[in-house]
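Q: I'll drop the sequence and a predicted model, then ask my questions.
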Amino acid sequence: MRLAIGKGDLLKMARHGVIKVSEGRTEEAIIGILKSLLEKRVVEAILIPKGVPSGEGFVQSLIRDPEKLNGVSVISPTMPVQSARVASNLTFKNLGKKVAAVLKPCEIRATVELAKFLQVKLDNLYLIGTDCPGTFEVPDYAKMSQEGKGGERLRAALLKGMSEGEVPMIDGYAFRTACQMCEYPVPQADMVFELFGYPSDQEIGVEVGENLEKEIEEKEILSFSKEGSRNRADVIGKVTAERMKKRDGFFQEFREVVKDLRSFLDRFSTCIRCHNCMVACPICYCKECVFRTPVFEHEGDQFLRWADRKGAIRMPTDTLIFHLIRMSHMVTSCIGCGLCDSACPSRLPVATLFRSVGDRIQKMFQYVPGRDVKETPPVATFREDELKIESGSL
């Protein structure tokens with residue numbers, strides 16, 4: 001069953017097409033479609049990752065000139081920012097022109113989740129996604145590029161692996177932990193470029209939702225057909241099963257180490273309460289945050305009184321309550337992008353903590369964040385029987 005996200009049931013009435021690829025130039029074929037969207041004024045601008053001049057990374061760029069799409073990457077192997085935040089900044093006030101945003105599956109789900117909290121307006125925003133093989137940490141990819149393991153060569157290997165659902169092994173490097181355990185590698189959006197299960201050097205699939213299909217067909221940007229990859233479902237099932245196995249392994253390992261508050265404090269003892277994880281998180285959108293108010297700005301004598309009462313205290317203080325309060329605020333909406341891990345200077349497993357707890361809480365409420373913009377988040381609704389324990393369930 002399809003996940004329906006975005007402006008209602010984005011792909012419920014999807015039309016399917018196949019893009020022929022010449023000489024294995026998969027990204028060029030997709031970029032050609034994107035150029036047509038700009039040239040034929042289907043959209044006024046496209047938000048998409050573009051390579052930096054050094055070739056050692058990618059940054060999200062808002063492009064209006066079709067020629068500036070040269071050098072972009074639809075499967076950029078890094079994610080320096082959570083683009084749902086960019087979408088929020090872009091659409092929150094007076095976006096009067098149509099814009100397409102080429103995002104990863106987790107970024108699309110975060111965008112949809114933020115739309116529920118009125119932090120993103122989808123009226124003039126078209127979401128475009130591609131199947132995602134995973135991403136590397138930004139510093140890792142920079143080193144890979146310096147060693148000649150990045151660039152087009154890496155992206156070609158990723159595309160080839162996606163045909164059969166295989167992850168290419170790169171000596172000394174691995175995908176981010178969040179990507180290794182992401183069970184949603186396929187996006188649901190206004191337009192989806194399908195890579196899993198297709199011979200990437202020959203053809204790829206594309207699905208277009210009803211918000212775009214009429215204009216795309218009328219302007220002859222794409223021809224629709226009913227044909228698709230016969231083994232796509234099997235490949236996606238293989239990828240998802242492997243990632244869920246990884247996820248369960250990460251969860252089990254984490255729960256064996258963090259069993260109670262004392263072990264939690266030990267594992268997170270190097271937290272410096274820098275708030276980096278909070279800033280990187282797309283779901284932490286509050287304009288005024290309690291952790292940046294006088295409530296947590298203690299006077300020197302207060303620290304001394306605490307130390308006198310307990311004999312000794314950890315400094316900085318309030319690290320435990322920081323993570324617990326943040327988790328209680330947004331764990332039902334955590335989409336597992338893992339940028340909290342990437343942002344942590346102490347390399348704490350923040351993403352595994354939130355995903356581990358979020359997995360249980362989200363199942364309790366039968367809620368999948370980013371699934372459907374019409375689905376009300378648990379924090380915004382109340383049912384009298386939602387937390388009742390059935391007889392004999394314990």
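A: Here it is on my side, so go on.
Q: the helices in the stretch 201-350 of the chain, which residues?
A: Taking DSSP state H, counting those that start in this stretch as the criterion, the stretch 201-350 of the chain carries its helices at 213-218, 232-257, 261-267, 276-280, 300-310, 319-330, 339-343, 350-364.
Q: any idea which of the ones you listed is most buried?
A: With neighbours defined as mean count of other C-beta atoms under 10 Å, the helices of the stretch 201-350 of the chain peak in mean count at helix 339-343, which reaches a mean of 23. All C-beta atoms are positioned from the backbone trio N, CA, C, and that covers glycine.
Q: from the contact counts, what lies against that one?
A: Taking 3 or more C-beta pairs under 8 Å, 6 or more residues apart in numbering; DSSP states H and E as contact, the helices and strands that helix 339-343 lies on are helix 177-180, helix 276-280, helix 350-364.
Q: what are the structural domain limits within the chain?
A: Residue ranges for each domain of the chain read 15-245, 259-380, as given by automatic domain parsing.
Q: between those domains, which gets nearest to Phe251?
A: Proximity to Phe251 (C-beta to C-beta) singles out domain 259-380 among the domains of the chain, at 4.8 Å.
Q: measure the closest one end to end?
A: The stretch domain 259-380 measures 30 Å between its terminal residues, going by C-alpha to C-alpha, to the nearest Å.
Q: the stretch 51-200 of the chain: strands as residue ranges?
A: Counting by DSSP state E, counting those that start in this stretch, the stretch 51-200 of the chain forms strands over residues 58-63, 99-103, 125-130, 191-194, given from the N-terminal end onward.
Q: average pLDDT across stretch 39-51?
A: Per-residue pLDDT values across stretch 39-51 average out to 96.
Q: flag every buried residue along it.
A: By neighbour count, with 16 or more other C-beta atoms under 10 Å as the criterion, the buried positions of stretch 39-51 are Val42, Val43, Ala45, Ile46, Leu47, Ile48, Pro49, Lys50, Gly51.
Q: next up, the contacts around Thr270.
A: Each residue near Thr270 by C-beta atoms under 8 Å, 6 or more residues apart in numbering is listed here: Ser346, Leu348.
Q: so which of the helices of the stretch 201-350 of the chain gets nearest Met144?
A: Proximity to Met144, assessed across these by C-beta to C-beta, is greatest for helix 339-343 (15.6 Å).
Q: ok, residues contacting the closest one?
A: The set of residues that contact helix 339-343 without belonging to it, under C-beta under 8 Å, 6+ apart, is 79, 81-82, 137-138, 176-178, 276-282, 347-352, 354.
Q: what's in contact with stretch 310-321?
A: By C-beta under 8 Å, 6+ apart, the list of residues contacting stretch 310-321 reads 261, 264-265, 268-269, 271-273, 296, 298, 303, 306-307.
Q: rerun that using 7 Å as the cut-off
A: With C-beta atoms under 7 Å, 6 or more residues apart in numbering as the contact definition, stretch 310-321 has outside contacts at Leu265, Phe268, Cys271, Ile272, Arg273, Phe296, Phe303, Trp306, Ala307.
Q: pipe those residues into a markdown table and attach pLDDT per row.
A: A markdown table is the format used below for the contacts of stretch 310-321 (pLDDT from 0 to 100):
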| residue | pLDDT |
| --- | --- |
| Leu265 | 87 |
| Phe268 | 92 |
| Cys271 | 93 |
| Ile272 | 92 |
| Arg273 | 91 |
| Phe296 | 85 |
| Phe303 | 90 |
| Trp306 | 91 |
| Ala307 | 92 |
